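K.L.:
sharing a model that was predicted from the sequence below.
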Amino acid sequence: MAGKKLYEGKAKIIYTTDDPAVLLTYFKDDATAFNAQKRGQIVDKGKINCAISTYLFQRLEAAGVPTHWLETTGEREMRVKALTIIPLEVVVRNVAAGSLCRQTGLPLGQILNPPLVEFYYKDDNLGDPLLTPDRMRVMQVATEEQIAELRRQAERINQILTEFFASCAITLVDFKLEFGLDRQQNVLLGDEISPDTCRLWDQATEDETQRVMDKDRFRQDLGQVEQAYQRVLERVMAQSHQR
Ligand code: UDP
């Protein structure tokens, strides 16, 4: 049973439940890009992202990565552990794309080996700036130990997800993670993992437009947005039955 609305974000709504240690996440069809300057809807996105996130959280848990996921209770809703969110967006990049290309001039598609792990400050008013270790220290956004733990977990998650998506014939180009602390101060993975938060390229084609299976279809008006999300879900589910 959903309680009161605690927070409404761009893509999800968080409700309280009768257990203070548990929250309910509701996945909306709303889509935003460029710090909410572009807005729209992607039909059934909420259902698709809820299903993909559910499967990936379960897979990560099975591999020993602690996450906030507890149970998926409906097509668009999951029960999650209440966390104190660390206000960082942890981005892992295997292939250069997006802001990395814009800000550094690296060519789209350049392989990044070892993968790049970056920390952005989660603050819409500031435009989610890229942080340096020294800035994080001055801002006291997390302890140095916590930052080392975020990096370690992000790298582990990247290994697991890269391998899984490869088995779906999808390249995991980059993705964004959010973490929080439980009452015992353990670092847990939060938020969602979906085509909204990952760049996913179809390995079946090298065509730069056709291969895009993620929110870049919406950001760049490439069309076929719903179909791309649906195809990711189908491949993930087909692969989930393999093992
Ligand atoms: N990302 C996200 N939320 C954000 C910013 C980025 O989920 O607020 C994801 C994005 O979908 C991509 C990765 O993080 O998979 C890296 O994004 P990038 O920094 O390249 O930003 P963009 O080009 O999307 O502005």
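P.N.:
That came in fine, so what should we check first? Numbers count the residues shown, from 1 in each chain.
K.L.:
what's the burial count for A204?
P.N.:
Neighbours of A204 under the rule other C-beta atoms under 10 Å: 10. Every residue, glycine included, has its C-beta placed from N, CA and C.
K.L.:
isn't it right next to I170, touching?
P.N.:
No - A204 lies out of contact with I170 (C-beta atoms under 8 Å); the separation is 9.2 Å.
K.L.:
who touches whichever residue of the chain sits closest to the ligand in this structure?
P.N.:
Closest approach between the chain and the ligand, counting by C-beta to the nearest ligand atom: G98, at 2.2 Å. Shown in contact with G98 (C-beta atoms under 8 Å, 6 or more residues apart in numbering): D174, R199, D216.
K.L.:
could you dump stretch 209-216 to PDB, C-alpha only?
P.N.:
Taking Å, rounded to 0.1, in the frame of the first residue of the first chain, the C-alpha atoms of stretch 209-216 are listed here in PDB:
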ATOM      1  CA  THR A 209      21.600   6.300 -35.500                       C
ATOM      2  CA  GLN A 210      20.100   2.800 -35.800                       C
ATOM      3  CA  ARG A 211      22.300   1.300 -33.000                       C
ATOM      4  CA  VAL A 212      21.000   3.700 -30.300                       C
ATOM      5  CA  MET A 213      18.600   1.800 -27.900                       C
ATOM      6  CA  ASP A 214      18.400   4.400 -25.100                       C
ATOM      7  CA  LYS A 215      17.300   7.900 -24.100                       C
ATOM      8  CA  ASP A 216      19.600   9.400 -26.800                       C
END
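K.L.:
quick one: buried residues of that stretch?
P.N.:
By neighbour count with 16 or more other C-beta atoms under 10 Å, stretch 209-216 contains the buried residues R211, V212, M213, D214, K215, D216.
K.L.:
now the two most distant members of those.
P.N.:
By the measure C-beta to C-beta, R211 and K215 form the most distant pair in the buried residues of stretch 209-216, at 14.0 Å.
K.L.:
show me how far the lengthiest strand in the chain is from its chain's centre.
P.N.:
In the chain, taking DSSP state E as the definition, the longest strand is strand 111-121. Distance of strand 111-121 from its chain centroid, counting by C-alpha atoms, centre = their mean, to the nearest Å, is 14 Å.
K.L.:
following it, which helix or strand shows up next?
P.N.:
Proceeding N to C from strand 111-121, the next assigned helix or strand is helix 133-139, under DSSP states H and E.
K.L.:
what sits against T84?
P.N.:
Counting by C-beta under 8 Å, 6+ apart, T84 makes contact with G180, L181.
K.L.:
reduced to three states, what does P20 come out as?
P.N.:
coil (DSSP: H, G, I helix; E, B strand; the rest coil).
K.L.:
residues contacting it?
P.N.:
Contacts of P20 (C-beta under 8 Å, 6+ apart): A82.
K.L.:
how close does it sit to F179?
P.N.:
20 Å (C-beta to C-beta, to the nearest Å).
K.L.:
thinking L200 is in contact with I170, fair?
P.N.:
Yes - if you go by C-beta under 8 Å, L200 and I170 touch, sitting 5.0 Å apart.
K.L.:
contacting residues around L172?
P.N.:
Listed by C-beta under 8 Å, 6+ apart, the contact set of L172 reads N94, N158, L161, T162, F165, A166, C198, R199, L200.
K.L.:
low-confidence ranges in the protein?
P.N.:
Residue ranges of the chain with pLDDT under 70: 1-2, 243.
K.L.:
helices of that one, start to end?
P.N.:
With helices called from DSSP state H, the chain shows them at 45-62, 98-104, 133-139, 144-167, 216-219, 225-240.
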